[in-house]
Structures are given as structure tokens and as C-alpha cells.
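Undergrad: let me see the structure of the following:
(one chain, ligands or ions: 1)
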Amino acid sequence: LKITIVGMGYIGLPTAITFANAGFKVYGFDVNENVINTLKNGKIHIVEPDLQEAYEEALNSGNLKPTNKLDKSDIFIICVPTPFKKNEKEKVADLSYVKSASEMVSKYVEKGNLVILESTVPPKTTEEVMGKIIEKNTNLKINADFYVAHCPERVLPGKILYELENNDRIIGASNKYAEKITKELYETILKNGKVYTTDTITAEMCKLVENTYRDINIAFANELSIISDKLGINVFELIELANKHPRVNILKPGAGVGGHCLAVDPWFIVEKFQKEANLIRTAREINDYKPHYIVEKIEKEVEYDKNKIIGILGLAYKPNIDDLRESPSLEIALNLKKKGYTVYGCEPYSKEKNIKGIENISFEEIVEKSDYLVLTLSHNQFLEKIDLLKYKNVFDVIGIINEKYNKIGVETK
Ligand code: SAJ
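TA: Numbering: from 1, shown residues only. As a prediction, the model looks like this:
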């Protein structure tokens, strides 16, 4: 059985490695030649714990072959990004990668093949976009000649390999036969995880709903942080106390919500249900507003003195990873810079010396150089050195330095 994974990114590569190490013959395809060359040279191009070792095992066994040429395959698994189109009031899914991957794959799809979509997509994409493109290009008929399924990825960056084997998987298939093969396929890589089956639209919505649930809950925490700030109380204490109730579990406020999932996926529901998806849209807007609120707060604290040097501790979108996509802390840094302040960043998980115009310096250096520090992420590498922040002006937006820090976690000396 030959499996081809289309897209060697954060999801496709670990998925290819996992199938290869389970004994399948896997081809890892990407249009980006640099990515394929890096992989052919035995190196991975993303930062993820234990992935390099797992990759070497897959490559050395001969089971995984990186390639920039597609070919025939029994099963295709599409793992390409689905960003949204920016600069629009209501954000809409950019399905161009899904469409081009479907076009490319359809040149090789033959009778009996199965095409699985793992990318997160708006409802109805699997059958009505991907399925239709393949039908059009092949003259084959869905369910009569070939099969499609949606098996949305659910892994948390930073824990990808573990979660690939231990999270439950949802499979939405075009018919019972597709359901059976897809289920059997994924069961071969699952340790503690189970497979649950449904139709493709429910599976598509399930993925969106999971991330929307989290986004709404974080929006509630972020809204509370702003209300608490205005009330002059400590939001972290407030949430801790409220969470003592057996049926309350509020998430943590922070710099905002970033990443390519929570900050994007809820829009895929809003896009289709403009009138109905009000709570979902409002939550997105609250989370998007949070970095701006923090910038306003910092400006007030430094009394709009543009000579002040501001250091941002953490530029990634969440702790202990290098991923900068939709990062609210980076947005804070860039906004302050745009307003005329001198801004330094410290992002120890990135090797870049300059991140989108923000100089990336060491923890020691940033503590030394800055008049004001903004602690946006609880990176382990920061926690080890947190004592260096003593006697410094620190805007702690995540509430880790000192419980008694007030408001949105802001404290000055
Ligand atoms: N965040 C908070 N407060 C919290 C929790 C998170 O502000 O209490 C922020 C983080 O700092 C970050 C953002 O939310 O900016 C998102 O981080 P995350 O750890 O919640 O999630 P992601 O985006 O890294 O991964 C999510 C996961 N989805 C869920 O937990 C429901 C993951 O399982 C999905 O596979 C992934 O999205 C995806 O690819 O869709």
C-alpha cells in the first residue's frame, strides 16, 4: 500500500513520519524545492520536539521518501495550509492551496483510490470542492470510482508526535467503504486514540467547533482581563477564585490569541453564517483587540515618552515554540515600533536575529537595555531566568511573575 502525503508542513511532515514508522511506504510531497532538499539532506525544517529523531528513523528505514514529483498512489492525504484572505472585514478562507493540491493529485488519481483531506476547511469543502475538482479532471465518479474523506488534524504544536498517536480522530467519509478504509488506516498509527466516524460536513464542522470553543473561552478570559483592569482588580486572582467552583473552568488571559488555528478557523464558520455566528465573531474581535489594548496600556504607563526603550519578552504566538504566525506579541512589538518607540524583542526559540524589523536579542541583553519590559509568554527559557526581572519595570500580561500584580497583569516598579 502506497501513501502520498501532499504538503510537508507542521502537519504533513509529522503525519508522513508517523505512517512511515508504522511500516507504510510513504511519499512526502511538497511543491517547495527547498523543503524537499532539506528533507533529502536528512534535516527537518520546522521546530518540534523529537521530530528530527523520528524523521531520521523514517528516512533510514527507507519507508519515507521526500519528493517534489507526484506519482500514482493508493491513498493521498492532503495536508496543506488554509489561511484566510487578509484585508477584508469578514475574513474568508483562502482555499487556493486545497484547490491546487486537488488539481495536482487529480492527475494521478485512479479507480479505487482514496483521497483524504486533513486541512481545516469550511463546511462542504471535502466533497464539493476537493471531490468535484477530482471528478472534473479525471472523469471518475466519487463513491463509484474513487473515495474521499476528511480526517481533520487535531495536534497541538509542541506535542505533535504524542498527540498524533494518542488523540481521538474524527473521520467524515463520502460513503461506508471510504469510512472503513480511512478508519483502518488511522487505527494503525493510534495508540490510545480512537477513531469516530461521521459524514464529511460534520467532520469539517467538528474541527472548526473545537478551535472556536477554545477561542470563545479565551475571549471570555481576555474580556475579563480588560474589565478587571478598569475595576483595578487582579484578573488572575479573580479567575483562580472563580475556577474553585466545580463547574467553572475559565482559561487564561494573555497577549491575545495567535497561531494559524484559533485565530483563523472560527472565521470559516462566520464566513458561511454571517447572520447567525454572532458569538463566534465577537469572540474573535475581542481576542484581536487584546494586543491593541495592551499597547494603549503601555503607552499610558510610559507616559507617551517615545524615548523609552521597550523590550518584548516573547514574540512567538505561544510558549515554547518558534511559530510567529498571527502572533499577538509580535503585533504588540510592531505597533509600538510604528508609534515611534525603540523596541527590542527576545525570542529564544527563533534563530532569526531580526524578526520582521524587531531586533531579536538575548534575555540578559534585553533586560539590561530596556526601560520597560513586556512579558508576553511563559517560555521555559524565561522562567529559568525570571529573577533577572526583579527591580525592573515589567508589564506582565500573563500573570506569572507575582500573584499580586494587578490589572491585566501590569506592574511598574
Ligand atoms: N491561549 C491563551 N490562553 C489560554 C490558552 C491559549 O491566550 O488559556 C492562546 C495562546 O497563547 C495562543 C493561542 O491561544 O496564542 C492558541 O494556542 P493553543 O495552545 O490554544 O492552540 P494552538 O493554536 O496551538 O492549537 C490548536 C489546538 N486546538 C485546541 O486545543 C482545541 C490543536 O489541538 C489543534 O490541532 C490546532 O489548534 C489546529 O491545528 O487547529
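
Undergrad: report all helices and strands that the top helix by length along the chain contacts.
TA: Longest helix of the chain, by residue count under DSSP state H: helix 200-231. For helix 200-231, the packing partners by 3 or more Cβ pairs under 8 Å, 6 or more residues apart in numbering; DSSP states H and E come out as strand 147-150, strand 169-173, helix 235-242, helix 265-272, helix 278-301. Using the backbone N, CA and C atoms, a C-beta is placed for each residue, glycine as well.

Undergrad: got a markdown table for these, with distance to the ligand, mean pLDDT and mean neighbour count too?
TA: Compiled in a markdown table, the helices and strands packed on helix 200-231 are given as follows (distance: least, Cβ to the nearest ligand atom, whole Å; pLDDT from 0 to 100; neighbours: other Cβ atoms under 10 Å):
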| stretch | distance to the ligand | mean pLDDT | mean neighbour count |
| --- | --- | --- | --- |
| strand 147-150 | 14 | 98 | 27 |
| strand 169-173 | 11 | 98 | 24 |
| helix 235-242 | 10 | 94 | 18 |
| helix 265-272 | 6 | 95 | 22 |
| helix 278-301 | 8 | 97 | 18 |
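
Undergrad: distance to residue 332 for those - can I get that in CSV?
TA: Formatted as CSV, the helices and strands packed on helix 200-231 follow (distance: least, Cβ to Cβ, whole Å):
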stretch, distance to residue 332
strand 147-150, 36
strand 169-173, 35
helix 235-242, 18
helix 265-272, 22
helix 278-301, 5
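
Undergrad: rewinding a little: and the longest helix of the chain, what's buried?
TA: Neighbour-count burial for helix 200-231 flags 200-201, 203-208, 210-212, 214-216, 218-226, 228-229 (criterion: 16 or more other Cβ atoms under 10 Å).

Undergrad: can you list the weak-confidence ranges in the stretch 1-150 of the chain?
TA: 87-90 (pLDDT under 70).

Undergrad: near the ligand, which residues of it?
TA: Residues of the stretch 1-150 of the chain found near the ligand (Cβ under 6 Å from any ligand atom) are residue 120.

Undergrad: identify the residue of the stretch 1-150 of the chain closest to the ligand, quick one.
TA: At 5.7 Å from the ligand, residue 120 is the closest residue in the stretch 1-150 of the chain, using Cβ to the nearest ligand atom.

Undergrad: count the residues that sit near that residue.
TA: 25 (other Cβ atoms under 10 Å).

Undergrad: give me the phi and psi for it.
TA: phi -70, psi 130 (degrees, to the nearest 10).

Undergrad: how about it, what does it touch?
TA: By Cβ atoms under 8 Å, 6 or more residues apart in numbering, the contact list for residue 120 reads 82, 152-153, 207-208, 211, 261, 264-265, 268.

Undergrad: from residue 45, how far out is it?
TA: Between residue 120 and residue 45 the distance is 21 Å, computed by Cβ to Cβ, to the nearest Å.

Undergrad: picking that back up, what's the mean pLDDT across the longest helix of the chain?
TA: If you average the pLDDT over helix 200-231, you get 97.

Undergrad: what of stretch 154-168?
TA: For stretch 154-168, mean pLDDT rounds to 95.

Undergrad: repeat that for stretch 326-334.
TA: The pLDDT scores in stretch 326-334 average 97.

Undergrad: now find how far off-centre that stretch is within its chain.
TA: In terms of Cα atoms, centre = their mean, to the nearest Å, the centre of stretch 326-334 is found 15 Å from the chain centre.

Undergrad: now stretch 319-336
TA: 13 Å.

Undergrad: buried stuff in it?
TA: 319-336.

Undergrad: check the buried residues of helix 200-231 one by one and keep those near the ligand.
TA: 210-211, 214, 218.

Undergrad: straight-line length of stretch 338-358, end to end?
TA: Length of stretch 338-358, first residue to last, Cα to Cα, to the nearest Å: 11 Å.

Undergrad: quick one: contacts of it?
TA: 47, 295, 299, 302, 306-316, 320-322, 324, 330, 333-334, 336-337, 359-363, 365-366, 369-370, 379, 381-382.

Undergrad: again with stretch 170-183
TA: So stretch 170-183 is contacted by 75, 114, 116, 126-127, 131, 142-143, 147-152, 154, 186, 195-204, 206-207 (Cβ under 8 Å, 6+ apart).

Undergrad: residue contacts, the closest residue to residue 83 other than its chain neighbours?
TA: Leaving aside its chain neighbours, residue 83 sits nearest to residue 94 (5.0 Å; criterion: Cβ to Cβ, 6 or more residues apart in numbering). Residue 94 makes contact with 82-85, according to Cβ under 8 Å, 6+ apart.

Undergrad: for residue 51, same thing?
TA: By Cβ under 8 Å, 6+ apart, residue 51 lies in contact with 13-14, 17, 44, 160-161.
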